[in-house]
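J.: Have a look; sequence and predicted model below, questions after that.
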Amino acid sequence: MAGLTDNNEDNFNTQMLAAIESNDLATLHDVMSKREAEGHDALRQGNGLSDALNEALGLARYDMAEELFKRGARCTDCTIGYVLDGARRENEWNTKAIDVALAYGWNINEPYEHVGSALVSTVNDAETGPGFPDGDTACLKIAAHLLSKGAHVNESTRTNENPLEIACGKDDRHMAALLLAHDASLKEAPKALLNAASEGSIDIMQQLLDRGADVNAHPYGRLEIIPCQLEDEVSFLLEKGATKEYRNMVGLTALDLARKLGHEDIVRLLE
């Protein structure tokens, strides 16, 4: 576009971000107005508006976010990450960022390439481990708000994982409980129990079984993706009625696999 250069765009983006960081709405409005005066669609050139929007939502600058939305800014696959950063700063857990985006037409279930929906991203980003005995509060707050606003609890990513399967694979019992409380479908999450077992998540396994998970369901049939179970987890599954006789697609039983993988403790349980 005539008169516009990469340097101009860089300066414009820098000025917008500086205005947002300093919480100066008047300057932000002035910077955008000057950019608009440079030519048709000048304001929407590049990723500046979206980057500024993400920053505004992350900092809980909702008036600025609204101004950016009015000028044509749109959410991107990175937006929910900024919202979560704001939640971790405890900006009232930043749930209002979701409300503002929805008010300006954001599709809460948009499946962004490689990262899935906002709910999928939130479940993926949740921290786990000894440092989070009560779960990742920020992610739990945002996930709960997304669900309350219509996020699909059974939304899947391109790799056919859904939120419940992801939570089970991360040993995130708090997130799993939240998703189950919002009627996450075990039918839509066939790998949930297996993912929990592979992590040794007996608490999650019990949650799933209480919801009717089939202890003998077999979502996989390929040898290379059968997880190496620990003795306690195998014992737990056997106590819950798991059959030893099932054969996978290549005709192997759990005992056969345990022998092939050299898990003698598991062999003794299954013999």
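T.: On my side now, so go ahead.
J.: where does the stretch 51-200 of the chain have low pLDDT?
T.: Counting by pLDDT under 70, the stretch 51-200 of the chain shows low-confidence ranges at 157-160.
J.: how many neighbours does Ala181 have?
T.: Around Ala181 there are 11 other residues, counting by other C-beta atoms under 10 Å. Any C-beta I mention is one placed from the backbone N, CA and C, and that applies to glycine too.
J.: from now on call the first residue 677
T.: Fine by me, first position is 677 from now on; the one you just mentioned is Ala857.
J.: what's the distance between it and Gln691?
T.: Using C-beta to C-beta, to the nearest Å, Ala857 is found at 45 Å from Gln691.
J.: same thing with Leu931?
T.: Relative to Gln691, and taking C-beta to C-beta, Leu931 is found at 67 Å.
J.: before we move on, what about Asn767?
T.: Asn767 sits 24 Å away from Gln691, going by C-beta to C-beta.
J.: next one: Leu760
T.: Going from Leu760 to Gln691 by C-beta to C-beta gives 26 Å.
J.: With neighbour numbers in mind, choose between the two.
T.: Leu760 (25 against 19).
J.: Past the helix or strand encompassing that one, which element shows up next along the chain?
T.: Secondary structure from DSSP states H and E places Leu760 in helix 755-764. Where DSSP H and E defines the elements, the next helix or strand beyond helix 755-764 is helix 771-779.
J.: any idea how far that next one is from the chain center?
T.: Its chain's C-alpha centre and that of helix 771-779 lie 17 Å apart, by C-alpha atoms, centre = their mean, to the nearest Å.
J.: Name the residues that touch the following helix or strand past it?
T.: Downstream of helix 771-779, the next assigned helix or strand under DSSP H and E is helix 794-801. Residues from elsewhere that reach helix 794-801, judged by C-beta atoms under 8 Å, 6 or more residues apart in numbering: 753, 755-757, 760, 774, 784-786, 788, 791-792, 812, 815, 818-819, 822-823, 827-829, 831-833, 837-839, 842-843, 846, 848, 851, 855.
J.: And the very next helix or strand once past helix 794-801, what does it pack against?
T.: Downstream of helix 794-801, the next assigned helix or strand under DSSP H and E is helix 813-824. Packing partners of helix 813-824 (3 or more C-beta pairs under 8 Å, 6 or more residues apart in numbering; DSSP states H and E): helix 755-764, helix 771-779, helix 794-801, helix 849-857.
J.: got the angle between the last one and helix 794-801?
T.: So the one you mean is helix 849-857. 160 degrees (axes from the mean of the first three to the mean of the last three C-alpha atoms, to 10 degrees).
J.: which parts of helix 849-857 are buried?
T.: Buried positions in helix 849-857, judged by neighbour count with 16 or more other C-beta atoms under 10 Å: Arg849, His850, Met851, Ala852, Ala853, Leu854, Leu855, Leu856.
J.: correct me, but the fifth one touches Gln883?
T.: Yes. With contact defined as C-beta atoms under 8 Å, Ala853 and Gln883 form a contacting pair (6.2 Å).
J.: tell me what the helix or strand in which Asp941 is found is packed against?
T.: In this structure, Asp941 sits in helix 940-946 according to DSSP H and E. Contacts defined by 3+ C-beta pairs under 8 Å, 6+ apart place helix 940-946 against helix 907-915, helix 930-937.
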